[in-house]
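Trainee: Below is the structure, and that's it, no one-letter string:
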């Protein structure tokens, strides 16, 4: 299924570093570094305080058409944080990139070598981790059963694993090349985005640059409340979905017909869905129930999906809901489809979180169909939720070190409402551009990838140029591809809150024909919600 594939694969775009003090931002990698130790000699232990590391295998892997020759290292940090580290044998020039994980993780996705768009582009050492446990359900990343009785496994997933893997990787890099990395980066989306924010907040010395895409920073409210809301809103009394996937194309087409032109260009995408106030009642069936119309019950579901979850008093229990224009992405995540046995991915995530991960071990748990949307139940999730959360607004230590943070989010994200990232960014920056943080909002993009018109977004090259050249990113080009992989559209995404405006000539599918413009009105992104107090609660750290 498309949404599950995105969550398990595309979600894992990340970078990392730890254990050594990085060099000043002015000293960039500029020459190839040769190994000083044989690859096989890395099979040993590394006695890092608080992060005892064991390399279980290390072997040279031949170069391919896409990858350089590298020393493939696998091992674990005690007790069970598995990692895959790949060390170029002939092209390394001093960069380390660590990838984040997706969902509840539970799998080590092979880390890909990245093109940093600088000299020695294949020079980067790359690593990934399973965050300290092995997922066992068919989708793997929605399994939370491993944490029901294991606090150590919870600690690793909640906050420890990305930090200790960065420490372990840097120790192995020093052993292999004779020196630690000169520059270290982390990139991730979804839970990987949460990990990126968490590293900047709790481990500011680990990375020089961090990309945090669609960050699941509001972890407890997101998994315990919002995903439960998505699962419950569309449930009929017999458990069947009220709104079916067959209705989504007509709903999406109606949204575009009503709102596409509002950004000044009719191009099949909503550049800022907040300007769209589409009423799904316009699609109410006046005759037989067909895929071209909505029943009154389905109209009610769509309205609830566009809105944030609330309690009986109107208090917001999450800072956002689905955005107009995201409708085609609801199949799979919000609406069960045959490929997933008819169970929505939101239900699977929420049920696993409420049963196994959301409450202290031994305390009464909950499940999707029993959860009450009240402030009391919201608060019951807080003691454990703050251990995962990456909501702190204190990034002063990261900033003082010269660290750079790039946040990004798709406007059509079906899994994590973009309103949360906007809320966090405005609270962090107090509405003014900062010298260490930038945000990019990508029209039509689903959760971490895929979409209707734009399907890919990766600001890693811009982050590296910012850290190593001092070039502050002002735009990143998003790409749209068809099912065959052909490029169908490129579009510049400018630093939020700037927007892309067509210059009036040439193809609207060519990024070269757009210029930046200020927002049509002042942005007011801070949301007053039940979690207002969570931004000031520091989470635990591993030493």
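Mentor: That came through, no problem. The structure presented is a predicted model; accordingly, all values stated were derived computationally and were not measured.
Trainee: how many neighbours does the residue nearest to residue 86 when sequence neighbours are not counted have?
Mentor: Spatial nearest neighbour of residue 86, excluding adjacent residues (C-beta to C-beta, 6 or more residues apart in numbering): residue 70 at 4.7 Å. From N, CA and C alone the C-beta is placed, and that goes for glycine too. Counted with other C-beta atoms under 10 Å, the neighbours of residue 70 add up to 24.
Trainee: these two touch, right, residue 70 and residue 64?
Mentor: No. With contact defined as C-beta atoms under 8 Å, residue 70 does not reach residue 64; the gap is 10.1 Å.
Trainee: the longest helix in this protein is where?
Mentor: In terms of residue count, the longest helix belonging to the chain (DSSP state H) is helix 161-177.
Trainee: State the next helix or strand along the chain beyond it.
Mentor: strand 183-189 (DSSP states H and E).
Trainee: Just confirm residue 228 is within a strand.
Mentor: No. Assignment of residue 228 by DSSP: H, G, I helix; E, B strand; the rest coil gives helix, placing it outside any strand.
Trainee: Could you find the closest non-adjacent residue to it?
Mentor: residue 350 (4.3 Å).
Trainee: where along the chain do the strands fall?
Mentor: 45-46, 53-61, 70-77, 81-88, 95-99, 125-129, 183-189, 209-213, 404-410, 437-442, 475-481, 487-494, 499-502, 514-517 (DSSP state E).
Trainee: Adjacent strands (with direction) for the fifth one?
Mentor: In this case it means strand 95-99. Partners of strand 95-99 in the sheet, by DSSP bridges, are strand 125-129 (parallel), strand 183-189 (parallel).
Trainee: Same check on the longest one?
Mentor: With DSSP bridges as the criterion, the sheet partners recorded for strand 53-61 are strand 45-46 (antiparallel), strand 70-77 (antiparallel).
Trainee: for the ones you listed, which one ends up most surrounded?
Mentor: strand 70-77 (a mean of 22; mean count of other C-beta atoms under 10 Å).
Trainee: Count the residues that sit near residue 138.
Mentor: Residue 138 has 11 nearby residues by other C-beta under 10 Å.
Trainee: Check residue 209 too.
Mentor: Neighbour number of residue 209 under other C-beta under 10 Å is 30.
Trainee: How about residue 379?
Mentor: 12.
Trainee: measure it to residue 530 for me?
Mentor: 8 Å (C-beta to C-beta, to the nearest Å).
Trainee: need the contact list for residue 219.
Mentor: Going by C-beta atoms under 8 Å, 6 or more residues apart in numbering, residue 219 touches 194, 385, 388, 389, 390.
Trainee: same thing but 7 Å
Mentor: 194, 385, 388, 389 (C-beta atoms under 7 Å, 6 or more residues apart in numbering).
Trainee: Which two among those are spaced furthest apart?
Mentor: Maximum pairwise distance in the contacts of residue 219, criterion C-beta to C-beta, is 11.7 Å, between 194 and 385.
Trainee: Report the buried residues of stretch 300-308.
Mentor: 300, 301, 302, 304, 305, 306, 308 (16 or more other C-beta atoms under 10 Å).
Trainee: got CSV for those residues, with pLDDT and distance to residue 231 too?
Mentor: CSV is the format used below for these (pLDDT from 0 to 100; distance: C-beta to C-beta, whole Å):
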residue, pLDDT, distance to residue 231
300, 98, 16
301, 98, 12
302, 98, 16
304, 98, 12
305, 98, 12
306, 98, 16
308, 97, 15
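Trainee: mind giving me CSV with those and columns for distance to residue 342?
Mentor: Shown next, in CSV, are the buried residues of stretch 300-308 (distance: C-beta to C-beta, whole Å):
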residue, distance to residue 342
300, 21
301, 17
302, 20
304, 20
305, 18
306, 24
308, 26
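Trainee: Just name the closest of those to residue 129, please.
Mentor: residue 308 (32.6 Å).
Trainee: returning to what we had before: okay, and which of the contacts of residue 219 map to helices?
Mentor: 194, 385, 388.
Trainee: The last one and residue 132, how far apart?
Mentor: Note on residue 388: its distance to residue 132, by C-beta to C-beta, is 13 Å.
Trainee: What of the second one?
Mentor: Relative to residue 132, residue 385 is positioned 18 Å away (C-beta to C-beta).
Trainee: Now flag whichever of the contacts of residue 219 is closest to residue 475.
Mentor: For the contacts of residue 219, the minimum distance to residue 475 (C-beta to C-beta) is 25.3 Å, reached by residue 194.
Trainee: wait, doesn't residue 42 sit right on residue 58?
Mentor: Yes. At 4.1 Å, residue 42 counts as touching residue 58 under the criterion of C-beta atoms under 7 Å.
Trainee: any weak-confidence spans in this protein?
Mentor: 1-30, 117-122 (pLDDT under 70).
Trainee: still on that earlier bit, can you put the strands paired with strand 53-61 in CSV and add distance to residue 467?
Mentor: Output for the strands paired with strand 53-61, formatted as CSV (distance: least, C-beta to C-beta, whole Å):
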stretch, distance to residue 467
strand 45-46, 27
strand 70-77, 23
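Trainee: who wins for proximity to residue 444 among the ones you listed?
Mentor: From the strands paired with strand 53-61, taking C-beta to C-beta, the stretch that ends up closest is strand 70-77, at 35.9 Å.
Trainee: quick one: the closest one to chain centroid distance?
Mentor: 25 Å (C-alpha atoms, centre = their mean, to the nearest Å).
Trainee: quick one: it to strand 81-88, angle?
Mentor: 160 degrees (axes from the mean of the first three to the mean of the last three C-alpha atoms, to 10 degrees).
Trainee: How many residues are close by residue 270?
Mentor: Residue 270 has 26 nearby residues by other C-beta under 10 Å.
Trainee: quick one: it and residue 442 touch, right?
Mentor: No. Using C-beta under 7 Å, residue 270 is not in contact with residue 442, being 11.5 Å away.
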